[in-house]
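Asker: Below are the sequence and a predicted model for it; my questions follow.
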Amino acid sequence: MRLVDVPVQVTVQAGRLLGFRWRGRTRRVVRVIDRWRYLGRWWAGEGEWRFVKVETDDGGVFELYLDVAAGQWRLYRVYD
């Protein structure tokens, strides 16, 4: 597992995560493995992050999150 934590372009349709673009390549999500929320350390100014762990069509497993306050998706971890 590698910590990456970089912004990515994500495609969402009707509330469903369809794919994301990373390293010049679009990865299509075929399965959502898990979802959870992190409410952040309020004393440090952190807001809510909505995590999703997914499997892609090439067999990769990735963890992404939506920083709700910033309205930005980030690729957080890549599982080897």
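Answerer: Alright, I've got the coordinates.

Asker: Quick check, central residue of this structure?
Answerer: Per Cα atoms, centre = their mean, the C-alpha nearest to the average position across the chain is that of L64, at 1.4 Å.

Asker: and the lengthiest strand in the chain, which residues are buried?
Answerer: Secondary structure of the chain per DSSP state E: the longest strand is strand 25-38. If you call a residue buried by 16 or more other Cβ atoms under 10 Å, then strand 25-38 has these buried ones: R27, V29. Heads up, the C-betas are built off the backbone N, CA and C, glycines and all.

Asker: just stretch 73-80 next, same as before
Answerer: Under 16+ other Cβ under 10 Å, the buried positions of stretch 73-80 are W73, R74, L75, Y76, R77.

Asker: So which of those residues belong to strands?
Answerer: Per DSSP E, the subset of the buried residues of stretch 73-80 in strands is W73, R74, L75, Y76, R77.

Asker: A44 versus the residue lying closest to the third one once chain neighbours are set aside, what's the distance?
Answerer: Spatial nearest neighbour of L75, excluding adjacent residues (Cβ to Cβ, 6 or more residues apart in numbering): V8 at 4.6 Å. Counting by Cβ to Cβ, to the nearest Å, the gap from V8 to A44 is 24 Å.

Asker: higher neighbour count, these two?
Answerer: V8 (18 against 6; other Cβ atoms under 10 Å).

Asker: quick one: contacts for that one?
Answerer: F20, R21, W22, L64, W73, R74, L75 (Cβ atoms under 8 Å, 6 or more residues apart in numbering).

Asker: Which two among the residues you listed are spaced furthest apart?
Answerer: Greatest spacing in these, by Cβ to Cβ: R21 and R74 (12.7 Å).

Asker: related to what we said a few turns ago, let's have the contacts of V8 in a markdown table, adding distance to V52 and pLDDT.
Answerer: Formatted as a markdown table, these follow (distance: Cβ to Cβ, whole Å; pLDDT from 0 to 100):
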| residue | distance to V52 | pLDDT |
| --- | --- | --- |
| F20 | 10 | 98 |
| R21 | 16 | 96 |
| W22 | 14 | 94 |
| L64 | 6 | 98 |
| W73 | 9 | 97 |
| R74 | 11 | 97 |
| L75 | 11 | 98 |
